[in-house]
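Asker: got a predicted structure plus its sequence, pasted below:
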Amino acid sequence: MKNKFLLFAFIMLASVSFTKAQNTIIKANLLSPLVRTGSFFVEHKLNDNSSIQLGLLYTGNTWDDTKVRGWGITPEYRFYLSESPAPKGFFVAPYARYLNYNLENDANDEATLNGFGAGLIIGQQYIFKKRVSFEWFFGPGYTSINLDTKSGAEEDFDTDNWDGFTLRAGLTVGIAF
């Protein structure tokens, strides 16, 4: 049910792209594959100074002895501070994040990790030929997690990558509609 809701939300936000020309951008994070993750975004311009963005991620990575499989969703609101109209130029964006991961370690212990977080990023987005976007962003965030062990103990899982203060960064490339 959660996956159907995420897919529906992503399609609805993407479909807004056809209401006005070049106000919506679909993009992919080029750094995500480095950590065996797919990270995709849909950004939609609200006015000349702001936009909303919805990010979806799926990961299938291994940290230390823990296999991690799951997804996350990251909504954000962008304030564009440059003279160029959104979605082009320098921006500041508060964001929220929800993570839902299944963990399994080498001893076959299993757990579910749910995380809620928020943060603030800064970045710059460039639009080339009115269709191709390139963007960089980074900033701090904080995530609080809940670990539900199905077998084993909480100490059997390394959750330091998600719990507490983190740094969020990326380079994206996309297509504007």
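Answerer: Yep, it's here.

Asker: check which helix or strand covers the residue nearest to residue 48 when sequence neighbours are not counted.
Answerer: Distances taken as Cβ to Cβ, 6 or more residues apart in numbering place residue 85 nearest to residue 48, at 4.1 Å, with adjacent residues excluded. The way it works is simple: take the backbone N, C-alpha and C, and place the C-beta from them, glycine included. Following DSSP states H and E, there is no helix or strand that holds residue 85.

Asker: just residue 42 next, same as before
Answerer: strand 37-47.

Asker: which residues touch the residue located most distally from the centre of the chain?
Answerer: Distance from the C-alpha centroid of the chain, by Cα atoms, centre = their mean, peaks at residue 107 (30.3 Å). When the contact criterion is Cβ atoms under 8 Å, 6 or more residues apart in numbering, the partners of residue 107 are 152, 156.

Asker: which stretches of this structure have low pLDDT?
Answerer: 1-21 (pLDDT under 70).

Asker: need the strands for it, in chain order.
Answerer: Remark: strands assigned in the chain by DSSP state E are 24-29, 37-47, 50-63, 66-80, 89-105, 110-128, 132-149, 164-176.

Asker: list the buried residues in the longest one.
Answerer: Residues 110-111, 113, 115, 117, 119, 121, 123, 125, 127 are the ones in strand 110-128 that count as buried (16 or more other Cβ atoms under 10 Å).

Asker: on contacts alone, who are the packing partners of it?
Answerer: In terms of contacts (3 or more Cβ pairs under 8 Å, 6 or more residues apart in numbering; DSSP states H and E), strand 110-128 is packed against strand 66-80, strand 89-105, strand 132-149, strand 164-176.

Asker: thanks again, I'm all set now.
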